[in-house]
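**Student:** sequence plus predicted model, see below.
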There are 2 protein chains.
Amino acid sequence: MTTMTLNECLDYLNENDGYLLLTHIRPDGDTLGSAAALCHILRRLGKVAFLYPNPQITTNYDPYVAPYMAPPGYEPVTLVSVDLASENLFPEGFSGGPIGLCIDHHPTNSGYAQNLLCMPEKASCGEIVLELAKLALGGVDKTLADLLYMAVSTDCGCFVYANTKPDTHRAAAELMEAGADYKALNKKLFRTFSYSRLMLEGMIYTGMKRFGPDGCITVATVTLDMMAESEATEDDCEDLASLAGRVAGNKVSVTIRELEPKLCKVSLRSGEDFDSAAICALHGGGGHRMAAGCTIHSDPDETRDVIVWDILEAM
Amino acid sequence: MTTMTLNECLDYLNENDGYLLLTHIRPDGDTLGSAAALCHILRRLGKVAFLYPNPQITTNYDPYVAPYMAPPGYEPVTLVSVDLASENLFPEGFSGGPIGLCIDHHPTNSGYAQNLLCMPEKASCGEIVLELAKLALGGVDKTLADLLYMAVSTDCGCFVYANTKPDTHRAAAELMEAGADYKALNKKLFRTFSYSRLMLEGMIYTGMKRFGPDGCITVATVTLDMMAESEATEDDCEDLASLAGRVAGNKVSVTIRELEPKLCKVSLRSGEDFDSAAICALHGGGGHRMAAGCTIHSDPDETRDVIVWDILEAM
């Protein structure tokens, strides 16, 4: 694996052709916006370039990336992955093959590609592709501005997450001046939700329970009945595990999702001062200190009792 | 009324003393953060300066502005209003008096003050006070960075509202580099909510109803029973009228708040293509094309029927 600078990366992009750009599993705005923007740059450089038709693209993003989707039977020569930190994040249905180049911002990138442009100081891949665009084209057109604003803004929750940096704001300012339709994008991506999503959120909020000292453990439950009643699909379930953490004073939040009768997926979120992964490890799961998960063969109420007990024991 | 430049405003601040800074009725992060920051600047210039003790400050903001509150019996010499577009926005309990200076960003400022520094190109008053700070002190200290980040971020809903501008992002970048604790501020102001607020939101979402073509009219209801059951206070009711507008595809949103039995406050929100004010005018209310209100002497269900009928008639 060779690490590359921005200039070396641009040389690579100029020297090769027949691109297929890979986005990651459960694709978000950063992987999709960055890959579509890179595709647009490559086409402007006279290259043949398409996105791998990731089957998990949600309806929010579909209109923006549809013009770049590879047609059936497309035979790529050069594979490039975008925002893909390791091989187990390859998109569904991707059968593998040597990855010529990876463009990423995760410091944990596993180095699976032949060449790697990794800039961990960037809050989003979109900011790296923005630099590439300026280097390759001398500026950012309206299409790039929209795609890259989508990438930059989604990875930091519209500038509210802790990963937001001064340069994230500066990239946004630059993209707005380049014509990004940030009003429409913000409304679509951050300010409006499907009726089913809001119904489901409503049921989750009204069903939330608190436990422990000062009620600092919040438990949210998503049952099969709630999914049916709200007519929610998987599209409506993005980031449900963050809702319980919205309660002020919360230290550990637990989200229990009933996958089928007697089978629940548990997601834990906490601050630095509590080890979520240790709790999930008790049940054969794992993850990170501040975000972890496990699966429990029980109904939602029993699952809640078990997990809350474990957390209280560990506090 | 004399309009001032930034430099003239700084001269005025240097020439006078004994300041009392006024924030507006139902104070938000911009009026409070900007006024507290101005107070801090004045103190660093050697002046005596305090904030008017606005009785409506909510618990979110209180810790940030408490160090600047005027003690009982303080006798001000110079009154300065911040983010206060007209005299009917004076804070509760303020008995009047000549306003020596107004610092504002509303193009509609009525010119009630003796001197006015108005910069309508700024998305927030915080950005004006940021310019003053740099001019007066040569830079921004950590205290100012926190207060001004609070001001700038709240007025644009953390960079998601349509009033966000490229320079709003650049101001945020500058304040983050000056030491603003944006992670804690974002969490407190935009990412966490009281348990009661979330319960109330949950009840509002699950009770939302849709009417009209493609269900483009969304009605949310807040009853006295819901307030009691969620144990919500007025602190928990900020911006409730925006919730119904979160439904994708919504064109007109109606929020009905039961104030007392047989008395409901109605808030309408719409896009440019529907006249909310005209509907509210039918019931003795008013407002703007995209945001209006009225009061109806009836229970929530009857109020909903009346208003939805009026909207359908007008479509």
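**Tutor:** That came through fine.
**Student:** could you list the buried residues of stretch A:229-237?
**Tutor:** A:230, A:232, A:236 (16 or more other C-beta atoms under 10 Å in any protein chain shown). For glycine as for every other residue, the C-beta is placed from the backbone atoms N, C-alpha and C.
**Student:** sec struct for the last one, please.
**Tutor:** Meaning residue A:236. Three-state assignment for residue A:236 (DSSP: H, G, I helix; E, B strand; the rest coil): helix.
**Student:** from memory it sits against residue A:196, does it?
**Tutor:** Yes: contact criterion C-beta atoms under 8 Å: residue A:236 and residue A:196 qualify, at 4.9 Å.
**Student:** which neighbours do these two share?
**Tutor:** residue A:230 (C-beta atoms under 8 Å, 6 or more residues apart in numbering or on different chains).
**Student:** what does the helix or strand of chain A with the lowest mean pLDDT contact?
**Tutor:** Least confident helix or strand of chain A, by mean pLDDT, DSSP states H and E, is strand A:286-287 with a mean of 90. Strand A:286-287 is touched from outside by A:268, A:276, A:277, A:280, A:292, A:293, A:294, with contacts defined as C-beta under 8 Å, 6+ apart.
**Student:** so how far is that strand from its chain's centroid?
**Tutor:** 17 Å (C-alpha atoms, centre = their mean, to the nearest Å).
**Student:** given it, what are its sheet partners and their directions?
**Tutor:** Take DSSP bridges as the rule and strand A:286-287 pairs in its sheet with strand A:291-296 (antiparallel).
**Student:** just to revisit the earlier point, closest to residue A:44 out of the contacts of strand A:286-287?
**Tutor:** residue A:293 (41.5 Å; C-beta to C-beta).
**Student:** check what pLDDT that closest one gets.
**Tutor:** Note on residue A:293: pLDDT of 95.
**Student:** which residues does it contact?
**Tutor:** Applying C-beta under 8 Å, 6+ apart to residue A:293 gives the contacts A:265, A:266, A:267, A:268, A:280, A:285, A:286, A:287.
**Student:** would you mind measuring from the fifth one to residue A:314?
**Tutor:** Plainly put, residue A:280 is 11 Å away from residue A:314 if you go by C-beta to C-beta, to the nearest Å.
**Student:** quick one: which of the contacts of strand A:286-287 is most hemmed in?
**Tutor:** Within the contacts of strand A:286-287, most neighbours by other C-beta atoms under 10 Å in any protein chain shown means residue A:268, with 29 neighbours.
**Student:** in what helix or strand does that one lie?
**Tutor:** Element membership for residue A:268 (DSSP states H and E) is strand A:263-270.
**Student:** and that strand, which residues are buried?
**Tutor:** So, applying 16+ other C-beta under 10 Å, buried residues of strand A:263-270: A:264, A:265, A:266, A:267, A:268, A:269, A:270.
**Student:** what comes into contact with the helix or strand following it?
**Tutor:** Note on strand A:263-270: by DSSP H and E, the next helix or strand toward the C-terminus is helix A:276-281. Applying C-beta under 8 Å, 6+ apart, the contact partners of helix A:276-281 are A:252, A:266, A:268-270, A:286-294, A:307, A:310-311, A:314.
**Student:** rerun at 6 Å
**Tutor:** Contact with helix A:276-281 is made by A:268, A:270, A:286, A:287, A:288, A:289, A:292, A:293, A:294, A:310, A:311, as judged by C-beta atoms under 6 Å, 6 or more residues apart in numbering or on different chains.
**Student:** tell me what the helix or strand encompassing residue A:144 is packed against?
**Tutor:** Secondary structure assignment for residue A:144, by DSSP H and E: helix A:142-155. For helix A:142-155, the elements it packs on are helix A:29-44, helix A:125-137, helix A:166-177, helix A:182-186, judged by 3 or more C-beta pairs under 6 Å, 6 or more residues apart in numbering or on different chains; DSSP states H and E.
**Student:** the third one close to chain B?
**Tutor:** Yes: Helix A:166-177 is in contact with chain B by C-beta under 6 Å from any C-beta of the partner chain, via A:166, A:169, A:170, A:172, A:173, A:176, A:177.
**Student:** from the contact counts, what lies against that helix?
**Tutor:** Packing partners of helix A:166-177 (3+ C-beta pairs under 6 Å, 6+ apart): helix A:142-155, helix B:166-177.
**Student:** what's the answer for the longest one, then?
**Tutor:** On a contact count with 3+ C-beta pairs under 6 Å, 6+ apart, helix A:29-44 meets strand A:19-22, strand A:49-51, strand A:78-82, helix A:125-137, helix A:142-155.
**Student:** would you format the ones you listed as CSV with mean pLDDT included?
**Tutor:** Below are those laid out as CSV (pLDDT from 0 to 100):
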stretch, mean pLDDT
strand A:19-22, 98
strand A:49-51, 98
strand A:78-82, 98
helix A:125-137, 98
helix A:142-155, 97
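**Student:** export the ones you listed as CSV, with columns for distance to residue B:24 and mean neighbour count.
**Tutor:** Below are these laid out as CSV (distance: least, C-beta to C-beta, whole Å; neighbours: other C-beta atoms under 10 Å in any protein chain shown):
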stretch, distance to residue B:24, mean neighbour count
strand A:19-22, 50, 24
strand A:49-51, 49, 23
strand A:78-82, 46, 26
helix A:125-137, 37, 22
helix A:142-155, 30, 26
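**Student:** could you dump these to JSON lines with distance to residue B:52?
**Tutor:** Conversion of the helices and strands packed on helix A:29-44 to JSON lines gives the following (distance: least, C-beta to C-beta, whole Å):
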{"stretch": "strand A:19-22", "distance to residue B:52": "57"}
{"stretch": "strand A:49-51", "distance to residue B:52": "57"}
{"stretch": "strand A:78-82", "distance to residue B:52": "53"}
{"stretch": "helix A:125-137", "distance to residue B:52": "43"}
{"stretch": "helix A:142-155", "distance to residue B:52": "37"}
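**Student:** which SS state does residue A:99 fall under?
**Tutor:** Under three-state DSSP, the three-state class of residue A:99 is coil.
**Student:** how far does stretch A:54-63 sit from its chain's centre?
**Tutor:** Distance, stretch centre to chain centre, for stretch A:54-63: 12 Å (C-alpha atoms, centre = their mean).
**Student:** next one: stretch A:148-164
**Tutor:** Put simply, stretch A:148-164 sits 11 Å off its chain's centre (C-alpha atoms, centre = their mean).
**Student:** need phi/psi at residue A:122.
**Tutor:** phi -90, psi 140 (degrees, to the nearest 10).
**Student:** pretty sure it contacts residue A:129?
**Tutor:** No: assessed by C-beta atoms under 6 Å, residue A:122 is found out of contact with residue A:129, at 9.7 Å.
**Student:** who in the stretch 101-250 of chain A is up against chain B?
**Tutor:** Counting by C-beta under 6 Å from any C-beta, the stretch 101-250 of chain A sits next to chain B at A:158-160, A:162, A:166, A:169-170, A:172-173, A:176-177, A:183, A:186, A:190, A:192-195, A:198, A:201-203, A:205-206, A:246-248.
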